[in-house]
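>>> the sequence and its predicted three-dimensional model are supplied below.
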4 protein chains.
Amino acid sequence: MSEDLFGPLFVPDGIREAVGGRAWLQAMLDAEAALAIAEARAGLIPAGDAEAIAECCDADRFDPEEIGHEGRAAGNPVPALVKALTEAVPGDAARHVHKGATSQDITDTAAMLVARRALDLILAEVDGVASACARLADAHRETIMAGRTLLQQALPTTFGLKAAGWLVAVLEARRRLLTVRESGLAAQLGGAAGTLASLGPPGIRVLQEFARELDLAEPVVPWHTARLRVAELGSVLALASGVTHKLALDVVLLAQTEVAEAAEPSEGGRGGSSTLPHKRNPVGSVLAAACAHRVPSLAETLQAAMAQEHERAAGAWHAEWETLSDALALTGGAAAAMREVMEGLEVRPDRMRENLDATGGLLLAENVTTIAAEKLGRLEAHELVEAASRRTFANESTLREELLAEPALREHLTPEEIDAALDPEHYLGSAGAFVDRALDLYGKEVPA
Amino acid sequence: MSEDLFGPLFVPDGIREAVGGRAWLQAMLDAEAALAIAEARAGLIPAGDAEAIAECCDADRFDPEEIGHEGRAAGNPVPALVKALTEAVPGDAARHVHKGATSQDITDTAAMLVARRALDLILAEVDGVASACARLADAHRETIMAGRTLLQQALPTTFGLKAAGWLVAVLEARRRLLTVRESGLAAQLGGAAGTLASLGPPGIRVLQEFARELDLAEPVVPWHTARLRVAELGSVLALASGVTHKLALDVVLLAQTEVAEAAEPSEGGRGGSSTLPHKRNPVGSVLAAACAHRVPSLAETLQAAMAQEHERAAGAWHAEWETLSDALALTGGAAAAMREVMEGLEVRPDRMRENLDATGGLLLAENVTTIAAEKLGRLEAHELVEAASRRTFANESTLREELLAEPALREHLTPEEIDAALDPEHYLGSAGAFVDRALDLYGKEVPA
Amino acid sequence: MSEDLFGPLFVPDGIREAVGGRAWLQAMLDAEAALAIAEARAGLIPAGDAEAIAECCDADRFDPEEIGHEGRAAGNPVPALVKALTEAVPGDAARHVHKGATSQDITDTAAMLVARRALDLILAEVDGVASACARLADAHRETIMAGRTLLQQALPTTFGLKAAGWLVAVLEARRRLLTVRESGLAAQLGGAAGTLASLGPPGIRVLQEFARELDLAEPVVPWHTARLRVAELGSVLALASGVTHKLALDVVLLAQTEVAEAAEPSEGGRGGSSTLPHKRNPVGSVLAAACAHRVPSLAETLQAAMAQEHERAAGAWHAEWETLSDALALTGGAAAAMREVMEGLEVRPDRMRENLDATGGLLLAENVTTIAAEKLGRLEAHELVEAASRRTFANESTLREELLAEPALREHLTPEEIDAALDPEHYLGSAGAFVDRALDLYGKEVPA
Amino acid sequence: MSEDLFGPLFVPDGIREAVGGRAWLQAMLDAEAALAIAEARAGLIPAGDAEAIAECCDADRFDPEEIGHEGRAAGNPVPALVKALTEAVPGDAARHVHKGATSQDITDTAAMLVARRALDLILAEVDGVASACARLADAHRETIMAGRTLLQQALPTTFGLKAAGWLVAVLEARRRLLTVRESGLAAQLGGAAGTLASLGPPGIRVLQEFARELDLAEPVVPWHTARLRVAELGSVLALASGVTHKLALDVVLLAQTEVAEAAEPSEGGRGGSSTLPHKRNPVGSVLAAACAHRVPSLAETLQAAMAQEHERAAGAWHAEWETLSDALALTGGAAAAMREVMEGLEVRPDRMRENLDATGGLLLAENVTTIAAEKLGRLEAHELVEAASRRTFANESTLREELLAEPALREHLTPEEIDAALDPEHYLGSAGAFVDRALDLYGKEVPA
């Protein structure tokens, strides 16, 4: 309710417009136009009247704020819009406006159209994130860094694999967004009680033409109080924003002053400070995280709102409209911010290596044990390396020094062999193969 | 994000404005003005400069949308606003704008001011609901109706007691709203890292004057990442909207065509239909329910956002602003709609009695058993009445007929005694006393 | 945390067991066994050792409560289980237990196995609900009742269409459950940092065999902190329980004393009361609603937990385990309760017709207008019928009486024509066709 | 539903027991006993019968699992428990069991008793957290470290102030827990429809004695469907767990390998690894975070469940029981884990200073500017220091070196003055004063 200030801060203008009051009005008018056209095709009203109605279905002729105010008496905006549209349509055609439809037919269909338009914009941002992640995965296939569990350094990994993990997660979200966009959006047309009674025998025909005209799925039965469609939209948006949240969190953590392995792009002074040049606030990730924080609760509202009474709900339906708009906008905001972040991400391989080396080779202890075990037996190898590890930590030395100073080990392993065992490049397992698998998936799922 | 259409449908204009972008800007400017004044009082800047700054702190001079757009680079609106304010302040005073403060000092303080202004409007609506419920409880102290458990008629009660239950619930919510308004809102001033470093020794003094100037509580320490205050606001709003939700649900259920014991006011054709004069859509309750549906999830977002990093959060803080605005607006919307509903509620005692009688006196069976037991013993009384009850249901007769036709009972009870036992007025227990207790509480808590 | 009392009240024993501690232990042991087998196939350990390990992977050998207590030191149950399993495995094979895996590999894989077993049970209940709804839709294709919007009678519809709406909603949920069961469940194997480092070159081979052995999807990369899979499970469960919630709500509303159009089955005294024979508490629907109330918030926890740090999360991952178990159990509980309700639902066509007639034919006013308009013109017809409707309501008469008493109408319409226009059977629009479409879908999607 | 495995991992046994099935049974039996005693005091039943009933009210005589199974028929456990209790009570006293009460009277009252017992245990843990934070704040009043905003080093602060911030947050949560424990818990007694009809005139007297006997607040009217009490409990638990979540997050971040300013206690090998001695997993904080992640959603379920129908809800009430139990248990789990963490927290002042110095003094640039401005004027000082800062970052030198190499500055400032300006101890503002204020509050609110 303070979107005139905070809206532009979090959400790109294009996405805001796609879910704004004007876009909703236009979508409702598109539904009214399609209804008239469908009824003309079914022989219920003259084709010329349908054309006359369709011509007036232009949101610029109506005022969202005014329609909203007037909508209060009916509990939804459609009666006020229908009244205004009827007044706008010339001649006899006016009496065919909204024929046979109920307010919810128009609002639900409009919600689907609004969702589709917003999903297209969201998908464009998500594609951008995927593309940037793919580029990072490819470019940093060999960039070694510390893998971190519970925020503790654990084993070496590559930044390529981290980016590949991001990429696959984004592709998974993308697939759900595409699926819901392609098959999850349906027209709504049932009339006052879901029977299409006032359309008479051609009712089903009108429904078919209505859905076809709008390129929406034709529902098997009216879904006025069967809200899986709307709740699923919310869920998929929560999944997509959840993925961007993970990416944002990783970037914020990598950008920490003490870690400094990555930094957000800083064009235009973004996130910067003239007095604190070391400080590069990860503003894009922060904005993405802020958006993503809010979406699961909105999805929850939509899921909880599935309990709707009989043929029209007394409140739960009405709770969907702004909730869905917000979920679409914020998912778009999160994706857009992360696209910018990933496209301009500054990666610092040197610092990654420094941080990895800062633990004195301890992350390789497991590998040294494995190699030493071939010569000394598992048990002795384990004990020797464990003791050396403890000394490394206690003496603030390196594992290499402690291993070289251990006679029992030196008997069986040359310094070269020890160096090889301590080389993180030799202990990356399937990291490279995983990167390849991710890029392969990307190539298959996202046409160049 | 579609509030230009749906905002006016759900939320009264006054409340929308109180949490809108302009109100937020004014609250931020109020914080900047108070900061300058506090610093002048602490001797840090000249009093004249403080006055010069304060004079420019007028939201009409700035554009929310523009500040929002520019705020994107910093991740919050304050730097853009400070820049614009600094440009607006004439002469040397300009360099004292925002002195020693961090963006979050201004935003958090503004959030408290916005909340206070909105809470005042919400409380006015809540008072209206309480007053209307008190009037209903008083007027219908003796109006008998069926009490319903799991939506099944169970025992007689009074509409007065139902309204008294609403009243007490509303008073409980009111008390929480008052408490959070009186003691839950605090000024925020800590500077970049919460130490007030750049203000030097007078730091605490400035904080004190700042809080005093704004009539906000003075926090013990800065609360940049200790967010109980904000989360608690959300919780209290969820509690208040939850209470209105219960009221709305009861009205919707009472207004059902088949129940018809109450109807919403219908001035101005609201909720009505010319072709279906029996149909009086409970539009106010529906709007209230729609608003109330959404608040718990918003409160949840604020609670989950309490996990904030170190001295300033990377996203969780930013997620609060619109969430809080929405929670305030929707609670206000719910309360306002229920105030209108309760003030104009049409109560139908005749229909209440009809519905109660429709079960043929079965709701009084328990009472008949108790009275008969005094003469026949508990066991026999129970068996006789149970059998009569079953016959009543099976024969679609009344319990009275079946009891009178039962010789074993007629031996001990006269028709007059049976009638007395079947009179719901004699089986209302402490309903009247409960109503009196509720009205008494109302009298104590809400000054006339 | 009080499931020893409330668990059996809400959730069938089979489903509780499928997500209980023992089932989790068995699933973790299944993962350990499959890991050993996969490593044997990849030539990393002797086949005999794998067999020896697999033989010990029996949950009955271990104590959930004890593993849980010991798991506290590591923050997850796997190290304690691996220790106990290693002690149980005889001879040299013991040192190959858990080789190359990290705790999360085992827990995540186990979560997928637990989910699969629970989904199978949930789907069986959902199939039962669908089958019962299909039967109701078919049997009541012609059973006329009032359609209700905002809980006000609006237009005639059929109980068949209502059941068809339930059926299609259930089928939609079923489809999501099937999809997530078939393709949403994947094995997890990445080792300490997701590189499979300690398995060396055969790492990917082991992953493939591991997934194959468990009949789980093979992930492109490890998904230790890419949690869409788990969150999606939660979302789909919320959608499924949301559908049961709608059904439960409708039954509760139909079962109201004043509506009485349906009643839950009452075998074994369920929901009944000997003294109040009219009272048939809709206990099954109440239990289903209670379960369904809780699932969206659990799904929300899983969605919000998608923000996981680097290669292993510090808390968000750990929040998933019980949340997922609860979401599975409660969805199962909701579906099981609604299956029982729908299988035994007592439908009362006579009462449906009575309730419809109680508004004196007003629900047909729209149809009379349409038919009269053919003779009198739209405007005059509208005015005449509207006036008659108002008189019907005011006089507590019937619309038929008022129409017959209207000379201007009688000029153009015979009593027979008026009766036909007032017959709800003639104003059901496409209700029958919609029922057929729903049953057709059911036939296609659910093999007999 | 998998608490036999995961329960002991997350929640101390004492707290688990306090909210377990047996504890619920005992609380329900306590309510039944208190009811009999109250009725005896009001003269409704013989004192001896009340004593006989009270003597049988021992949970060890009944089986939670069995009561749960039998409870399914009624939709709540009370009828089965009353049946078993009635069978257990000898002689005539048996017929006075549960006299005049409805199932919800017993369940709601029990919920309050369970909550009180759990709150006592939670408060003990919270007190422990507060005490540990107070000790840390006091001990580290002068321990300098980097303040971090958006996880970027910003300005110096003290670990004492960080701990003071934790302390005040914990005290705020403690106050809410105390308030709800002292005044938020009320007895429930209304009988079947909230009128206490079957108790006759002494109804209110029985209610008073019932509340007094249980030391619970006496409600003004029955609150069967006015659920603010229960929802508020959830809210307060969410606030308390939110505070622990913030503490846990800070510890996890401080414990990062690259930050290493604090470490969790590691007695008993907790969180440790023999091969990776640098690795000290912050297991306690991880467990706390895991618990805290889940509570807001549970609170949301309770808030959303406030919409309850008429005199008894059809599902929303039933959704409260386990949700409340879980919220209590998890808040207790979070608090207990953080108590252990804070009591044994290993703080590393040397590392804090190292990390602060790692940015070469840049965090003090603001202070240098302020001091230089007194001699050079604000503008020139700003430009000089900004340029030096940029060179520091670019050259990887220190700000001291760059400032000393700047002739224009050296003209006005001696090396000693520059050193003083760069000394973080001189730029801590009110940090110490804030610590004192926090400790002062602690002294006042928590009796030694």
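That came through, no problem.

>>> the domain parsing of chain A - what is it?
A:3-350, A:362-421 (automatic domain parsing).

>>> around the nearest residue to residue A:183 once chain neighbours are set aside, how many other residues sit close by?
Computed as Cβ to Cβ, 6 or more residues apart in numbering or on different chains, the closest residue to residue A:183 that is not its neighbour in sequence is residue A:217, at 6.4 Å. In this view, the C-beta of every residue, glycine as well, is placed from N, C-alpha and C. Residues contacting residue A:217 under the criterion other Cβ atoms under 10 Å in any protein chain shown number 15.

>>> wouldn't residue A:217 be in contact with residue A:188 here?
No: using Cβ atoms under 8 Å as the test, residue A:217 is too far from residue A:188 to be in contact (10.6 Å).

>>> need the residues of the stretch 251-400 of chain A near chain D, please.
Within the stretch 251-400 of chain A, the residues that sit near chain D (Cβ under 8 Å from any Cβ of the partner chain) are A:252-253, A:255-259, A:274-283, A:286, A:297, A:300, A:304, A:355, A:358-359, A:362-363, A:365-366, A:369, A:385-386, A:389-390, A:392-394.

>>> just to revisit the earlier point, measure the residue nearest to residue A:183 to chain D for me?
Going from residue A:217 to chain D by Cβ to the nearest Cβ, to the nearest Å gives 31 Å.

>>> so how far is residue A:207 from that residue?
For residue A:217, the distance to residue A:207 (Cβ to Cβ, to the nearest Å) stands at 11 Å.

>>> spit out the residues that contact the two alike.
Counting by Cβ atoms under 8 Å, 6 or more residues apart in numbering or on different chains, the common neighbours of residue A:217 and residue A:207 are residue A:187.

>>> name the SS class of residue A:147, please.
strand (DSSP: H, G, I helix; E, B strand; the rest coil).

>>> now do residue A:190
The assignment at residue A:190 comes out as coil when based on three-state DSSP.

>>> leaving out chain neighbours, which residue sits closest to residue A:221?
Nearest in space to residue A:221, with sequence neighbours left out and distances taken as Cβ to Cβ, 6+ apart, is residue C:434 at 4.5 Å.

>>> longest single helix anywhere in chain A?
For chain A, the helix with the greatest residue count under DSSP state H is helix A:103-139.

>>> could you see whether chain B lies near stretch A:10-27?
Yes: Stretch A:10-27 is in contact with chain B by Cβ under 8 Å from any Cβ, via A:10, A:11, A:16, A:19, A:20, A:21, A:22, A:23, A:24, A:25.

>>> of those residues, closest to residue D:182?
Set against residue D:182, the nearest of the residues of stretch A:10-27 next to chain B by Cβ to Cβ is residue A:10 (41.2 Å).

>>> if I look at the nearest residue to residue A:349 once chain neighbours are set aside, how far off is chain C?
Leaving aside its sequence neighbours, residue A:349 sits nearest to residue A:143 (Cβ to Cβ, 6+ apart; 4.7 Å). According to Cβ to the nearest Cβ, residue A:143 stands 13 Å off from chain C.

>>> same check, this time on residue A:65
Distance of residue A:65 to chain C, given as Cβ to the nearest Cβ: 25 Å.

>>> and residue A:146, by the same measure?
Using Cβ to the nearest Cβ, residue A:146 is found at 8 Å from chain C.

>>> likewise for residue A:26?
Note on residue A:26: its distance to chain C, by Cβ to the nearest Cβ, is 26 Å.

>>> give the contact list for residue A:286.
Counting by Cβ under 8 Å, 6+ apart, the residues that residue A:286 touches are A:248, A:252, B:75, B:314, B:315, B:318, D:150.

>>> check whether the helix or strand hosting residue A:418 contacts chain D.
Using DSSP states H and E, residue A:418 sits within helix A:415-422. No: on the criterion Cβ under 8 Å from any Cβ, helix A:415-422 is out of touch with chain D, staying 13.5 Å away.

>>> what packs against that helix?
If you count contacts as 3 or more Cβ pairs under 8 Å, 6 or more residues apart in numbering or on different chains; DSSP states H and E, helix A:415-422 packs onto helix A:365-376, helix A:399-404.

>>> what comes into contact with the last one?
The set of residues that contact helix A:399-404 without belonging to it, under Cβ under 8 Å, 6+ apart, is A:360-362, A:364-365, A:368, A:385, A:388-389, A:391-392, A:395, A:409-410, A:413, A:415, A:418-419, A:422.

>>> among the residues of stretch A:10-27 next to chain B, which one lies nearest to residue D:233?
Using Cβ to Cβ, residue A:10 is the member of these that lies nearest residue D:233, at 33.5 Å.

>>> which residue comes closest to the closest one once chain neighbours are left out?
Using Cβ to Cβ, 6+ apart, the closest residue to residue A:10 is residue A:333 (4.6 Å).

>>> wait, which of the helices and strands packed on helix A:415-422 is closest to residue C:325?
When these are compared by Cβ to Cβ, helix A:365-376 sits nearest residue C:325, at 32.8 Å.

>>> buried sites along the closest one?
Residues A:365, A:366, A:367, A:368, A:369, A:370, A:371, A:372, A:373, A:376 are the ones in helix A:365-376 that count as buried (16 or more other Cβ atoms under 10 Å in any protein chain shown).

>>> helix A:415-422 and that helix, what's the angle between them?
If you take axes from the mean of the first three to the mean of the last three Cα atoms, to 10 degrees, helix A:365-376 sits at 140 degrees to helix A:415-422.

>>> does the helix or strand following helix A:365-376 reach chain C?
The helix or strand immediately downstream of helix A:365-376 is helix A:378-395, counting by DSSP H and E. Yes: contact of helix A:378-395 with chain C (Cβ under 8 Å from any Cβ) involves residue A:378.

>>> quick one: contacts for the most centrally placed residue in chain A?
Against the mean C-alpha coordinate of chain A, by Cα atoms, centre = their mean, the closest residue is residue A:240 at 2.6 Å. Residue A:240 is in contact with A:122, A:126, A:173, A:174, A:176, A:177, A:331, A:334, A:335, counting by Cβ under 8 Å, 6+ apart.

>>> and it, what helix or strand is that in?
Per DSSP H and E, residue A:240 falls inside helix A:228-254.

>>> figure out how far the helix or strand just after that helix is from the centre of its chain.
Sequence order places strand A:262-263 as the next helix or strand after helix A:228-254, per DSSP H and E. What separates the centre of strand A:262-263 from the centre of its chain is 22 Å, taken as Cα atoms, centre = their mean, to the nearest Å.

>>> now stretch A:4-11
Computed by Cα atoms, centre = their mean, the separation of stretch A:4-11 from the middle of its chain amounts to 18 Å.

>>> how about stretch A:299-314?
On Cα atoms, centre = their mean, the centre of stretch A:299-314 falls 24 Å from that of its chain.

>>> and if you look at stretch A:379-395?
That offset, for stretch A:379-395, works out to 45 Å (Cα atoms, centre = their mean).

>>> buried stuff in it?
Neighbour counts over stretch A:379-395 (16+ other Cβ under 10 Å) mark A:381, A:382, A:384, A:385, A:386, A:388, A:389, A:391, A:392, A:393 as buried.

>>> shaky segments in the stretch 151-300 of chain A?
In the predicted model of the stretch 151-300 of chain A, residues A:268-275, A:277 satisfy pLDDT under 70.

>>> on that earlier part again, any chance of the buried residues of stretch A:379-395 in TSV, plus pLDDT?
Below are the buried residues of stretch A:379-395 laid out as TSV (pLDDT from 0 to 100):
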residue	pLDDT
A:381	86
A:382	85
A:384	89
A:385	89
A:386	87
A:388	90
A:389	88
A:391	90
A:392	90
A:393	85
